[in-house]
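>>> any chance you could fold what I've pasted below:
(chains A, B, C and D, ligands or ions: 2)
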Amino acid sequence: MGRVIVDVTLKSEILDPQGQAVLRALQSQGLKQVADVRQGKTFEITFEGAINKEVLDQVEALASEVLSNPVIENFVIRSYEKES
Amino acid sequence: MGRVIVDVTLKSEILDPQGQAVLRALQSQGLKQVADVRQGKTFEITFEGAINKEVLDQVEALASEVLSNPVIENFVIRSYEKES
Amino acid sequence: MIDTVKNAQENPDTKQPFLELGLKEDEYLKIKQILNRRPTSAELAMYSVMWSEHCSYKSSKVHLKQFGEKIVKSDVLMVGIGENAGVVDIGDGWVATFKVESHNHPSYIEPYQGAATGVGGIVRDILSMGARPIAVMDSLRFGPLSEPDTKRVLPGIVAGVGGYGNCLGLPNIGGETQFDPSYLGNPLVNALCVGVMKHEDIHLAKATGVGNKVILYGARTGGDGIGGVSVLASETFATTGQAKRPSVQVGDPFTEKLLIEATLEMFKNKLVEGIQDLGGAGISCATSELASNGTGGMNVALDLVPLRDETLSPEEILMSESQERMCAIVKPENIAAFMQICDKWEIIATVIGEVTDGNKLVITWHKEVIVEVPPRTVAHDGPVYNRALKRPINQDLLQKDSINISDKSNSLETDLLKLLASDGISDKSWITQQYDHFVRGNTIMSSPQDSGMIRIDEKTNRGLALSLDGNARFCKLDPYVGAQLAISEAYRNVSVTGAKPIALTNCLNFGSPEDPAVMWQFSETVKALADGAVSFSIPVTGGNVSFYNQTGEISILPTPVIGVLGVIEDVRKRIPLRYKENQTLYLLGETKKELDGSSWAWFIHNHLGGKPPQVNIENEKKLSKLIQTSLKAKVIFAAHDLSEGGLSVALTEMALASGIGLEVSNNTSVDDLSFLFSESSARAVVSIEEDKLPGFKELFKIYPGIEIGKTGGSSFKFIDHFEIELSKLKQSHSGTLSKVLV
Amino acid sequence: MTIRIGVVTFPGSLDDQDALRAVSYAGAQAISLWHKDTDLNKVDVVILPGGFSYGDYLRCGAIAKLAPVMTEIITKANQGLPVLGICNGFQVLCESGLLPGVLTRNKGLHFTCRDEKLEVVNNSTLWTKDFETNEKIVIPIKNGEGCYQADKKTLDQLVGNNQIVFKYLDNPNGSLLDIAGITNEKGNVVGLMPHPEHAIDELTGPTNHGLRLFTSVIKNLVGISK
Ligand SMILES: Nc1ncnc2c1ncn2[C@@H]1O[C@H](COP(=O)(O)OP(=O)(O)O)[C@@H](O)[C@H]1O
Ligand SMILES: [Mg+2]
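Ligands and ions are numbered 1, 2, ... in the order given. A predicted model of the protein is given here:
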């Protein structure tokens, strides 16, 4: 079993209303020094069998089609474990 | 400016319909070996000034009170940069 | 380096990227002529967005002026075309304002956010008239359901329309959804919002009163959607590369909800002299329109605009289309109270300028003048094109290609079941279930009823009904007739619920205005609407034009979408779709052999040709009058208008909504196929209780009807032809969307 | 005596006006409470209405639980103040710990608005005395995150203590045990996803069944409960 983690974040010029709401909530709870919060998504994908280059390439390709919309989001394959 | 990243994930026994939908989408796009997908959240928190132990403790406390709901979620402070 | 006015004077020959900004050479020269110098880069940014097709109506203006010229006799119109939205008197001291706007191109690129921000934009338009938004509707067009891209686009758009409206607390009371291959690469998202207020609360977008302050409030300005309006809405996709596709905007309905409540509180406390929403073209549009509609002079310090991204240049700030922002003109003595309300609702508000006694809009950046223009030249005196028009050469061929019925040998039963399951006719509850119908507690009717109906006064039970309609296949066959059929249908939908139609609005979705064939379709459409308004005696209170809806060279079907607003004095007297057992069914109006352009021709035989059904405005009015006359004695129990799919589909929808069957026979003089599927206009089905029959028949003096059958049982029985169980009809009708979409 | 029923408006609350209307229909005095209030203006009952408080960003109800007004509500609810949480209000009650469990994204992933058939499981709470046990009623739902989840121990407790108040007959969102609404052990705090305030009049809702939640609590307070 292999595992890949993909992080999807909003592009920096895109409004992140969720992050803003969390920012205000944290500030209201006394965390005064917070300057900004951006909220992102994480996909933890588990595979049957080990992960090879081909699988990684496929994930890379699908990340921009299925996991994110390149118009507003960036993605990065944060980490992977070949097997576990 | 310091930065802390908090990952929030659903506990394994909790249903994750979004993860399941992504799983189906990936499979239908030809990624046959996927066995499971779990979707999580990430908060990237930027601070004015450097991050010290006190700030980290506060984040830790708020992560369990505000950023996550312990009934269904786990959290982990993935990384932090004291300054950047 | 900031390009100041001084700099522009001193360096007249600096090369400027006007072409990249979408301006033509002669338009650029005209700007130079207006200013008597080259524009600064900030001025160029303003002119380029404000003179884009989307903002300036440069190709449509010469046609739209008919709405002002062909005068409709109406005593309800209070504010006409030219403001953010028209305003009509609806009685008891109330007025209503409503408008439709398109958000087609952004919704293709980012379906969820594109559709969501479309709803957000039209809601702010209504709000800026002074009205409380009370409901939304949406008219959607997609490629065929079987296409993979439809499966990407449709769920996102529906979730976006729902996500924004639901979170804003506005009930969605209706709309329409159609499918056609021409929309595959260019779906349509037209959103309508309706608002109400008391007479004295009408607010117009103008900046008057020297010394009054200009306040920008709502969300911070970011780098999203810069140039979105000019590039996205005015250029074809084929000719634009990746670089010209700017990011779309992300909406924040939560902030918009706060903006609505705060703004209404300001109106209530009379703190606002003039107000404008920030939609396409952002601050450029708001400041130039406010100044232009007022006395003309305004100073704005652009560096005071609160930003989300500190690196934005002044040009970008002027063009940014960040959502959820408003601009108000406030007397100095009211500033404190204004700010207090913003504080309460946790909204950022900043004084960015003031009204001056000059006639120039002057914008500074850290004290340096970067814009100094006569605001009218930006907002209203944009270029006007008299584009070439030409009736397409194949239009005659198309109209001659009438469907030949005799060789179509399916059984009526098979045709009906197939028609019910077609994407266009099928049950849309997969979509409408994603919309909140209940919020605000005044929804009297929503889908699947013929029109949406909202109670506006809980004491008097006065209400409004609204319908949004368009049949692009009819418009393709004959744009003039098609447009009038669209008014007819919307008018009829409102009428059959018991409301009296009083006003209409439109959203005109077409291909490229640079194509003479498209321009011909457009000019026929506008002519038909202006004439239709006169004949129906209901004024056009506003509208919206969306051009460049095409994929490559292929245009969408000409798609005018018409919204009709009606008033009902007592919503408790409304006429619903659902009937009870043992009632008599009548068909009002005359059924003709009109199958060309019908849903039957298209969905069963994939045929589009011939001429659309005839328009008969006098009959539509009579039908409407009959229904209204019936209200007093409550002789009509249930009613449904006949449109797509004709009688067979109308009866099925009534039966399924009621959970009760019916049996009918063909008592008309047309053949059975036409009886079931013809789409002749000015018709409705009504069901009458036994003891109301005599009273009902009296009404035939106004408009004729014939008895066709009875309600009851658990099947749809067409005597001598077929009997289909409701469960089977339901299976055909309701499975289509949910089978394909998850 | 006129019962005073307070309805809290958070930024983003949407069905607050509807809850106030339902309270008046039921015969009580409707009082608006603001999220920043620190005192409850002598109300006898509190309703947390539906909507998207704070945009429902983060998690539904998670930010609302931090509002100043909640401090007093939590204290008083623990002392027996009748509290009803509708939809978003139910989510706030779960987030703030007044009710167990949590509401998560609907199984089908869509916001769903439709008339819903429910079964009344427990008619002994302050809010349900006007219903019969096992009675079938119809009340609309409209939510994107109405799937009730809790761990097994909590679910066992809910069943064991008869804390399930309403069940779906045709589960629209994947809620465990078909749970549509629950109560705390004392029966003074009830949360439900369906919207009773949208079922007070057949003119604007599918039925008037929802009105009985409001009349139940009023009768109970004026001492004519059964
Ligand atoms: N097809 C049309 N029919 C009638 N009026 C129209 C039409 N298109 C635009 N208008 C009117 O022109 C004015 C400017 O429209 P528009 O630019 O859409 O407003 P906004 O600036 O709010 O987007 C409005 O009053 C609108 O109602
Ligand atoms: Mg406007």
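
>>> rest of the way, CA atoms for contacts and neighbours
OK.

>>> around chain A, pick out the residues from chain D.
Contact residues, chain D versus chain A (CA under 8 Å from any CA of the partner chain): D:54, D:57-58, D:63, D:66.

>>> go again with 7 Å.
Contact residues, chain D versus chain A (CA under 7 Å from any CA of the partner chain): D:57-58, D:63.

>>> for chain C, same thing?
For chain C, the residues in contact with chain A (CA under 7 Å from any CA) are C:222-224, C:247, C:250, C:252.

>>> do you know how far the spatially closest residue to A:N69 that is not a sequence neighbour is from C:L741?
Excluding the flanking residues, the one nearest A:N69 by CA to CA, 6 or more residues apart in numbering or on different chains is C:E110, at 7.5 Å. Going from C:E110 to C:L741 by CA to CA, to the nearest Å gives 18 Å.

>>> out of the two, which sits in the more crowded spot?
A count of neighbours by other CA atoms under 10 Å in any protein chain shown puts C:E110 above the other of C:E110 and C:L741, at 24 against 14.

>>> where does chain A come near chain D, residue by residue?
Counting by CA under 7 Å from any CA, the residues of chain A near chain D are A:18, A:21-22, A:25.

>>> for the residues you listed, which one is nearest C:A517?
Checking the residues of chain A next to chain D against C:A517 with CA to CA, the nearest one is A:Q18 at 46.4 Å.

>>> would you agree the closest one is in contact with D:R59?
No. With contact defined as CA atoms under 7 Å, A:Q18 does not count as touching D:R59 (9.7 Å).

>>> name the residue in those two with the higher neighbour count.
D:R59 (23 against 20).

>>> distance of the more buried one from C:V161?
Counting by CA to CA - D:R59 and C:V161 are separated by 21 Å.

>>> what do you get for D:T104?
If you go by CA to CA, the gap between D:T104 and C:V161 works out to 21 Å.

>>> neighbour count winner among the two?
Legend: neighbour count by other CA under 10 Å for D:T104 and C:V161, higher for C:V161 (29 against 24).

>>> what's the separation between the more buried one and C:I275?
25 Å.

>>> quick one: the helices in chain A?
For chain A, the helices defined by DSSP state H occupy A:17-28, A:53-62.

>>> could you give the angle of the longest one to helix B:53-62?
Helix A:17-28 and helix B:53-62 meet at an angle of 120 degrees, taking axes from the mean of the first three to the mean of the last three CA atoms, to 10 degrees as the criterion.

>>> and helix A:17-28, what's buried?
The neighbour-count criterion (16 or more other CA atoms under 10 Å in any protein chain shown) identifies A:17-26 as the buried residues of helix A:17-28.

>>> what sits up against it?
A:34, A:36-39, C:252, D:57-58, D:63 (CA atoms under 7 Å, 6 or more residues apart in numbering or on different chains).

>>> what backbone torsions are found at the residue in the stretch 51-200 of chain C that ligand 2 sits nearest to?
Ranked by CA to the ion, the top residue of the stretch 51-200 of chain C for proximity to ligand 2 is C:N84, at 4.1 Å. Here is the backbone geometry of C:N84 (degrees, to the nearest 10): phi -50, psi -40.

>>> what does C:K198 give?
In terms of degrees, to the nearest 10, the main-chain angles of C:K198 are phi -90, psi 150.

>>> doesn't C:D92 make contact with it?
No. With contact defined as CA under 7 Å, C:K198 does not reach C:D92; the gap is 8.9 Å.

>>> comparing those two, which residue is more hemmed in?
When C:K198 and C:D92 are compared on other CA under 10 Å, the one with more neighbours turns out to be C:K198, at 17 against 12.

>>> without its sequence neighbours, what residue ends up closest to the more buried one?
Using CA to CA, 6+ apart, the closest residue to C:K198 is C:W94 (4.6 Å).

>>> and the one you found, how many residues sit next to it?
Using other CA under 10 Å, C:W94 has 17 neighbouring residues.

>>> partners of it in the sheet?
C:W94 forms beta bridges with C:G91, C:K198, as assigned by DSSP bridges.

>>> can you spell out which helices and strands pack onto the host helix or strand of C:L673?
For C:L673, the host element (DSSP states H and E) is helix C:672-677. On a contact count with 3 or more CA pairs under 7 Å, 6 or more residues apart in numbering or on different chains; DSSP states H and E, helix C:672-677 meets helix C:646-658.

>>> near chain D, anything from the helix it packs on?
No. Figure legend: helix C:646-658 not in contact with chain D (CA under 7 Å from any CA); closest approach 13.2 Å.

>>> close to chain C: what parts of chain D are there?
So chain D meets chain C at D:11-12, D:14-15, D:17-18, D:51-52, D:54-55, D:110-114, D:142, D:198, D:203-204 (CA under 7 Å from any CA).

>>> residue contacts, C:R391?
Contacts of C:R391 (CA under 7 Å, 6+ apart): C:517, C:520.

>>> quick one: neighbours of the spatially closest residue to C:L184 that is not a sequence neighbour, just the number.
Spatially, and ignoring its direct neighbours in sequence, C:L184 is nearest to C:G143 (3.7 Å; CA to CA, 6+ apart). The number of residues packed around C:G143, counting by other CA under 10 Å, is 23.

>>> and for C:L307?
Residues lying near C:L307 (other CA under 10 Å) number 15.

>>> isn't it right up against C:A219?
No. Counting by CA under 7 Å, C:L307 does not reach C:A219; the two are 8.9 Å apart.

>>> follow-up on the earlier one: for A:F75, state which of the residues of chain C next to chain A is nearest.
Comparing the residues of chain C next to chain A against A:F75 with CA to CA picks out C:S247 as the nearest, at 15.9 Å.

>>> just say helix, strand or coil for the most centrally placed residue in chain C.
The centroid of chain C falls nearest to C:V100 when counting by CA atoms, centre = their mean (2.6 Å). Here C:V100 takes the strand state, with states given by DSSP: H, G, I helix; E, B strand; the rest coil.

>>> report the contact partners of the nearest residue to it once chain neighbours are set aside.
Closest residue in space to C:V100, ignoring its immediate chain neighbours: C:L192 at 4.1 Å, by CA to CA, 6+ apart. Neighbouring residues of C:L192 by CA under 7 Å, 6+ apart: C:99-101, C:122, C:136-138.

>>> apply 6 Å and report the result again.
Applying CA atoms under 6 Å, 6 or more residues apart in numbering or on different chains, we find C:L192 in contact with C:99-100, C:136-138.

>>> now check whichever strand or helix holds it, is it near ligand 1?
Using DSSP H and E, the element containing C:L192 is strand C:188-198. No. Contact of strand C:188-198 with ligand 1 (CA under 6 Å from any ligand atom) is absent, the minimum separation being 11.9 Å.

>>> D:A19 touches D:P196, doesn't it?
No. With contacts counted by CA atoms under 6 Å, D:A19 stays clear of D:P196, the gap being 8.6 Å.

>>> returning to what we had before: ok, of the contacts of C:L192, which one's closest to A:S68?
C:D138 (26.3 Å).

>>> name the element the closest one belongs to?
Per DSSP H and E: strand C:132-142 holds C:D138.

>>> low pLDDT regions in the chain?
I'll assume chain A. A:84 (pLDDT under 70).

>>> you looked at the wrong chain, it should be chain C
C:227-247, C:407, C:409.

>>> swap in 80 and give it another go.
Applying pLDDT under 80 to chain C picks out residues C:1, C:80-85, C:205, C:224-248, C:280, C:406-410, C:742.

>>> what parts of it come near ligand 1?
Listed as neighbours of ligand 1 in chain C under the rule CA under 6 Å from any ligand atom: C:55, C:64, C:81-85, C:125, C:506-508, C:542-545.

>>> now with 8 Å?
Within chain C, the positions near ligand 1 by CA under 8 Å from any ligand atom are C:54-57, C:60, C:64, C:67, C:80-86, C:99, C:101, C:122, C:125, C:277, C:279-280, C:285, C:505-508, C:526, C:540-545.
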